[in-house]
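Visitor: Please work out how this folds:
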Amino acid sequence: MLKQDKQSTKFSRRLFSQYFISTIIPVIVLSLISFYTISSLLKKNATRQIYAESRAVGLSLNDRLLTMESNLIDVSRSIDNIDLIVSNDWLKAMFSSLYITDSNGHDQLIFGEDVINLELTDYQQKHLNKDNRLLLAHNSDNKQAQLLMLNVLNPDSRQILVAVLNPEYLWDIVINDADLFCAVVDQRLFMYCPGLIYQSDNLSKIKDLLASNNHDLGETTLDGVYYLSNQWDLFLDGIFGFNGVSIIYFMPRNDAFLEYDYYIDALPQSILITLLIVFTLSSVQMRRSLTPLMKLTQGAKNIIDGNYTKTVDIDSNDEFEVLGSTFNTMSHRIDEAFKKITTLAKIDRLILSTSDSEYIVEVLIEYIPSIIPADNIAIFILDLEKGNEGNLFSNNKTDNEISNTVINIKKSEVDELNKADGIIIKTAADKHGYLSPLITLGNTTFSISPIRNQEIFLGFICTCFQETTEISQELGDSLTEISDRAAVAFSNAIWENKLFHQAHYDSLTTLPNRYLFQDRLEQAIERAKRNNLNVAILFIDLDRFKNINDSLGHTVGDQLLIQVSRILLKCVRSYNSVARFGGDEFTAIISDVNDVEVKVQTERLARRINELLSVPIVIDDRKFNISASIGIAMFPGDADNINDLLKNADTAMYEAKRIAVGNHQYYQKQQNKETLELLELENELGHAIENNELVLHYQPKVNLHDGMIYSVESLVRWNHPERGLVSPGTFIPLAEVTGMIGDIGYWIMRTACEQCKAWQAKNIEIKIAVNLSVEQFNDKYLYENIVKILDETGVDIGLIELEVTESLTIEDIDKTIALLTRFRDKGLGITIDDFGTGFSSMSYLQKLPINKLKIDKTFIDNAHLDDDSASIVRAIIGLAHNLSLSVVAEGVEVEAQYDFLKSLDCDEIQGFFFCKPLPEDELIKHVLLENSRNAKA
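Guide: Residues are numbered from 1 along each chain as shown. The predicted model follows:
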């Protein structure tokens, strides 16, 4: 509580002295005493007088009711003589209507105009039954109530004589001309009131008097006339079963206080003279008091108008001066509060509408000084991924530039800031490393407020002071409030950036995804349209990735995609220029280049991609050789919109893959037609197995030692219902690219086993060789699937051979040896196909559990003409025989090749020189014929 000083009491003493020495106090006191005494006396007299008048009216009313009741009894006695009753003018003066009613609702009007329907309460009915008489009030027009007097004529027939009392007779009571009275039942139902005062506002005042009056003097104004009133209650319940009637009597105040008015006229004159004297003495002092009040009033108006900087200047050396000083302090605090609220609202509007953390920092650093007068403002944003590093942003008062410094922060310092309850005060002497950039600016005192979101430390806001400064509670609260807002803004920015990243970036490689790439491509095309430049896109598809992913699992496949994405980033000039389009497909943009440079840059980029991809990628100590097929399309030459540009690049990619792995192709319009045909063929190939369109042809292998045919190679053919036989060179690569080769391979295996089983039933024992595709060989369930087919078909396992290309066996030699050993142990024959193309070495060839080597056709083609090819074939046959392996030569088409191979003691040959691949029925005829002929020879 504030203590009063000397100044705060001077004004009150001065006013007290002035009024004390004047005569106003005794004059007023005497006047009040006199007025009170006389008023009390007159009120008592008026009360008694008015009470007597109201009692007289009530008694007169009672007499008239008794007279009417007596006359009504006389009427009931002579009820049989209706004419006599009707001719009685005295009765008509007392009653406005007279009629008979019974319990059946039959009414008989004797005289008058209206018959009133009676609705009696239980109490009224009981009283009527008991005393044969009753008085009741009927309010038909919501104004003055009509009084009805009832008399029972015949209790047996329940006939009742009803008289409607004539109000002109009933209320013809003589009173003073200026006086008024009203009769009210239950303080609500008016039986009588003069028309002059029977108005809603007057009635309301009368009801208020009835509700508050306890037979004491009442005061009210009716129609502009000031009345004094009192009431007297007439009890009629015992005689008539009627609630009490309150008679309220009104007498004009001028009549009641006639003598008092003479006195009251003289009293103001004497008081006025005294007041004039007092006014003359105090006017000067009052004028001195009004001046500061006017200044305070003007100050309040300034606050209302929003002008908080104008001060109130009062130099009165009293309480007004203290009040003025307090008022100025209040105005200053209001000004500061509104500035704070306005600034915080502006900060909220700016920082909550963006997801750019650096923009949020700029806004905070710009506006915090208007709330907290610090020498420097600094904001630290923690790198949540690193945890011990972040960016410290601070302003420089000399040039208003915001510096950005990467600083390290210790875990202990983060924990201290995160656990802080409110602000933390630090000094330069504390030697915290994260404050070093701020100390170099000359700051010595630091007020730090952590930025937290649900206990997660995001950073801090620091107000810096170059002189030792005591941080007030108010400034601390303001800083905490700002940091809370910053926490919401930064959390919102982090969340929005996370959502944006999830929606626009690939979660595995962190490259832009399909949607962001298309957005970037659209922007590049728009720029190209405006500037008459070119845009090229490269559609990049990894070769044989599916085999790696299926055989080694998604974990290895994912790691490979990550490594490839890093390689692609090394090739392009911008992070946003490359994207993962989906699966093992990537895309790259070359934008803003002219007609001359576009071809040069795309060629350079395509070559560099495959050049870097040619370096083996090591994952888990395993090397992978990978390449990419790249399709290139350009805007505006190849397409004028995004969809067509992407489609054409995809078409060019398929053309590149068709020609050879690891190369790139530019889009040509002819490719679209070919691609559509391939897509159509691909779709039809997907239904070939279920539609029984695939068939097996068999090419015999001729034993060069005796000319007999002991085995055949199964070769799949597609008997298309419309296209006829589709070349294997067309649909096999398509099946490999689309991944359908695995299903086709298992179909070949099952069909070959079933055919071999059928031959067995005919006592024909011919071995069937089945090729394993790359996709099958990489299938981790290959062994189980083949064993299942063997078991289900019941074929003699010794009649089935598996042919595996040499290139497959050397990719993972340990895995290959283990798998082939299981097949050999099962009883299957194993042949290395296309031998000589995979750079085989003796070190592992000896370890492979195989039975045969099949020399690749490329060596056979020129073996009879070229010494180098002949030497290779001769070496392979010699090597195989030294390893106790049989040798099969494929692709023998001329007799010279046959003679050469026979001279080298080759074991088996196959090719068009002897027989082309044949359907099953033709093959059997051919085999039986040839074997029969050679057997005779």
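
Visitor: how far is the lengthiest helix in the chain from where the chain is centred?
Guide: Taking DSSP state H as the criterion, the chain has its longest helix at helix 24-77. Mean-position distance between helix 24-77 and its chain equals 78 Å (C-alpha atoms, centre = their mean, to the nearest Å).

Visitor: mind listing what's buried in stretch 905-912?
Guide: Residues 906, 907, 908, 909, 910, 911 are the ones in stretch 905-912 that count as buried (16 or more other C-beta atoms under 10 Å). Yep, even glycine has a C-beta here, placed from its N, CA and C like the rest.

Visitor: start to end distance for that stretch?
Guide: The first and last residues of stretch 905-912 sit 20 Å apart, counting by C-alpha to C-alpha, to the nearest Å.

Visitor: picking that back up, hmm, who's touching the helix or strand following the longest helix of the chain?
Guide: Per DSSP states H and E, helix 24-77 leads on to helix 82-86 as the next helix or strand towards the C-terminus. By C-beta atoms under 8 Å, 6 or more residues apart in numbering, the residues outside helix 82-86 that reach it are 75, 78, 79, 91, 98, 110, 111.

Visitor: any chance of the buried residues of stretch 905-912 in TSV, plus distance to residue 771 and secondary structure?
Guide: Formatted as TSV, the buried residues of stretch 905-912 follow (distance: C-beta to C-beta, whole Å; DSSP: H, G, I helix; E, B strand; the rest coil):
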residue	distance to residue 771	secondary structure
906	20	coil
907	19	coil
908	16	strand
909	18	strand
910	13	strand
911	16	coil
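
Visitor: what's the farthest-apart pair in the residues you listed?
Guide: The largest separation in these, counting by C-beta to C-beta, is between 907 and 911 at 14.4 Å.

Visitor: residues in contact with stretch 508-523?
Guide: So stretch 508-523 is contacted by 503-506, 535, 537, 558, 561-562, 565, 568-569, 575-582, 586-587, 589, 642, 645-646 (C-beta under 8 Å, 6+ apart).

Visitor: Give me the nearest residue to residue 765, chain neighbours excluded.
Guide: Closest residue to residue 765 apart from its sequence neighbours, by C-beta to C-beta, 6 or more residues apart in numbering: residue 799 at 6.4 Å.

Visitor: pLDDT score for that neighbour?
Guide: Residue 799 is assigned a pLDDT of 94 by the prediction.

Visitor: Is it correct that it is in contact with residue 764?
Guide: No. If you go by C-beta atoms under 8 Å, residue 799 and residue 764 don't touch, sitting 10.2 Å apart.

Visitor: more neighbours, the two?
Guide: With neighbours defined as other C-beta atoms under 10 Å, residue 799 and residue 764 compare such that residue 799 has more, 21 against 13.

Visitor: The more buried one: what's it in contact with?
Guide: Counting by C-beta under 8 Å, 6+ apart, residue 799 touches 756, 760, 765, 766, 767, 768.

Visitor: Looking at those, which are in helices?
Guide: With DSSP H as the criterion, helices contain 756, 760 from among the contacts of residue 799.

Visitor: Please identify the helix or strand for residue 915.
Guide: Residue 915 belongs to no helix or strand, assigned by DSSP H and E.

Visitor: Spatially, what comes nearest to it if we skip its sequence neighbours?
Guide: Leaving out its chain neighbours, the residue that sits closest to residue 915 by C-beta to C-beta, 6+ apart is residue 700, at 5.0 Å.

Visitor: Regarding the one you found, what is its secondary structure?
Guide: strand (DSSP: H, G, I helix; E, B strand; the rest coil).

Visitor: pLDDT score assigned to it?
Guide: Residue 700 is given a pLDDT of 95.

Visitor: residues near it, how many?
Guide: By the criterion of other C-beta under 10 Å, residue 700 has 26 neighbours.

Visitor: how close does it get to residue 916?
Guide: As judged by C-beta to C-beta, to the nearest Å, residue 700 and residue 916 stand 10 Å apart.

Visitor: And stretch 654-661, what's buried?
Guide: So, applying 16+ other C-beta under 10 Å, buried residues of stretch 654-661: 654, 655, 656, 657, 658, 661.

Visitor: in what helix or strand does the fifth one lie?
Guide: Under DSSP H and E, the secondary-structure element containing residue 658 is helix 642-659.

Visitor: ditto for the last one
Guide: Element membership of residue 661 [criterion: DSSP H and E] is none; it lies in no helix or strand.

Visitor: Quick check: chain neighbours aside, which residue is closest to it?
Guide: If the residues on either side of it in the chain are set aside, residue 661 comes closest to residue 543, at 4.0 Å by C-beta to C-beta, 6+ apart.

Visitor: which residues does that neighbour contact?
Guide: 626, 627, 628, 629, 657, 661, 662.

Visitor: Go through those and say which is closest to residue 831.
Guide: Distance to residue 831, by C-beta to C-beta, is smallest for residue 661 among the contacts of residue 543, at 24.9 Å.

Visitor: Now that closest one: phi and psi?
Guide: phi -70, psi 150 (degrees, to the nearest 10).

Visitor: wait, doesn't it sit right on residue 629?
Guide: Yes. Taking C-beta under 8 Å as the definition, residue 661 is a contact partner of residue 629 at 6.2 Å.

Visitor: neighbours of residue 114, just the number please.
Guide: Residues lying near residue 114 (other C-beta under 10 Å) number 12.

Visitor: how about it, secondary structure?
Guide: coil.

Visitor: Which residue is the nearest non-sequential neighbour of it?
Guide: Of all residues not flanking residue 114 in the chain, residue 97 sits nearest, at 5.8 Å (C-beta to C-beta, 6+ apart).

Visitor: I'd assumed residue 108 was in contact with that neighbour.
Guide: No. Using C-beta under 8 Å, residue 97 is not in contact with residue 108; the gap is 11.8 Å.

Visitor: Comparing these two, which residue is more hemmed in?
Guide: More neighbours surround residue 97 than the other of residue 97 and residue 108, with 20 against 14 (other C-beta under 10 Å).

Visitor: quick one: residue 373 from residue 108, how far?
Guide: Taking C-beta to C-beta, one finds residue 373 at 102 Å from residue 108.

Visitor: other SSEs contacting the helix or strand hosting the residue nearest to residue 114?
Guide: In this structure, residue 97 sits in strand 95-101 according to DSSP H and E. Judged by 3 or more C-beta pairs under 8 Å, 6 or more residues apart in numbering; DSSP states H and E, strand 95-101 is in contact with helix 24-77, strand 107-111, strand 159-165.
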